[in-house]
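Chemist: using only what follows, build the 3D model:
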Amino acid sequence: MGIESGETTSCVILLSGGIDSATCVHFFLHQDLNVGALHVNYGQVSADNELLAAQAIAGHYGIPFSVIHTPNLAVGCNDLSIGRNALLLIIALAHTERAGIVVIGIHAGSGYPDCSDEFVSDMQRVYDRYAAGTLQITAPFASWTKADIWRYAEKARVPLWLTYSCDLGRQQPCGECQSCKDSEALNALS
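Modeler: Take a look at the predicted model:
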């Protein structure tokens with residue numbers, strides 16, 4: 001049991017600075033909610049570039065922007081951080097009001113175990129334990145592909161030029177990490 005959309009006014013978007021979270025900002029600004037953004041530096045190699053992009057996106061849309069620094073939590077190999085989305089949601093749970101919506105920009109087709117409706121349901125049970133059903137996780141693009149998000153973002157005029165998506169923290173596109181490979185393929189759709 002979650003919050004009915006009519007009861008909710010507070011919406012915190014986990015804003016990484018990438019295409020998916022930037023598109024979430026646009027999407028929820030058009031839902032008549034009080035939208036804010038939370039950026040998490042958990043020690044990822046791309047932290048500096050992601051922060052700059054997230055700040056630029058929040059500034060573009062004129063929304064409140066907060067940063068949580070929890071360095072040295074990144075665990076993984078290459079461009080995959082184990083438990084990244086669970087970590088982000090737990091940090092949001094600890095640093096947001098106990099009522100409203102927390103938005104995560106996961107999408108279908110990534111192959112990551114924490115990018116599915118099932119993952120969101122699992123994490124919602126954790127939220128319900130701590131927030132008694134007053135804080136709802138929403139993943140509006142969980143069933144969309146990256147190409148679906150890209151097409152929506154272009155049509156909605158999301159400022160994609162402000163986003164940053166290289167998992168290795170390099171200049172975009174590095175051509176090596178999955179995010180840059182996805183971005184190169186998406187640019188071909190334009």
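Chemist: now do the SS call for the closest residue to I57 other than its chain neighbours.
Modeler: Spatial nearest neighbour of I57, chain neighbours left out: A22 (4.8 Å); criterion: Cβ to Cβ, 6 or more residues apart in numbering. In this view, the C-beta of every residue, glycine as well, is placed from N, C-alpha and C. Under DSSP: H, G, I helix; E, B strand; the rest coil, A22 falls in the helix class.
Chemist: please apply the same query to the one 5 residues further on.
Modeler: In three-state terms, and counting by three-state DSSP, F27 is helix.
Chemist: what about the residue nearest to I57, neighbour count?
Modeler: A22 has 31 neighbours, counted by other Cβ atoms under 10 Å.
Chemist: wait, what's in contact with it?
Modeler: Contacts of A22 were listed using Cβ atoms under 8 Å, 6 or more residues apart in numbering, and they are 15, 53, 57, 153, 158-160, 162-163.
Chemist: could I get those residues as TSV with secondary structure?
Modeler: Output for those, formatted as TSV (three-state DSSP):
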residue	secondary structure
L15	coil
A53	helix
I57	helix
A153	helix
V158	coil
P159	coil
L160	helix
L162	helix
T163	coil
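Chemist: now the strands: where do they sit in this protein?
Modeler: Under the criterion DSSP state E, the chain contains strands at 10-14, 34-41, 65-69, 76-77, 80-81, 100-103, 135-138.
Chemist: need the ones you listed in TSV with mean neighbour count, can you?
Modeler: Listed next are the strands of the chain as TSV, based on neighbours: other Cβ atoms under 10 Å:
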stretch	mean neighbour count
strand 10-14	23
strand 34-41	22
strand 65-69	14
strand 76-77	10
strand 80-81	17
strand 100-103	24
strand 135-138	23
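Chemist: quickly, which of those bottoms out on average pLDDT?
Modeler: Looking at the strands of the chain, the lowest mean pLDDT belongs to strand 76-77 (a mean of 50).
Chemist: which residue ranges of the protein form helices?
Modeler: 19-29, 47-61, 84-95, 117-131, 146-156, 178-187 (DSSP state H).
Chemist: which parts of the fifth one are buried?
Modeler: Residues 146, 149-150, 152-153 are the ones in helix 146-156 that count as buried (16 or more other Cβ atoms under 10 Å).
Chemist: the shortest one too?
Modeler: Neighbour-count burial for helix 178-187 flags 178-180, 182-183, 186 (criterion: 16+ other Cβ under 10 Å).
Chemist: out of the residues you listed, who's nearest H107?
Modeler: Closest approach to H107 among the buried residues of helix 178-187 (Cβ to Cβ): D182, at 9.9 Å.
Chemist: still on that earlier bit, how close does the residue nearest to I57 get to A153?
Modeler: Distance, A22 to A153, by Cβ to Cβ, to the nearest Å: 7 Å.
Chemist: so what's in contact with the two at the same time?
Modeler: Common neighbours of A22 and A153 (Cβ under 8 Å, 6+ apart) are L160.
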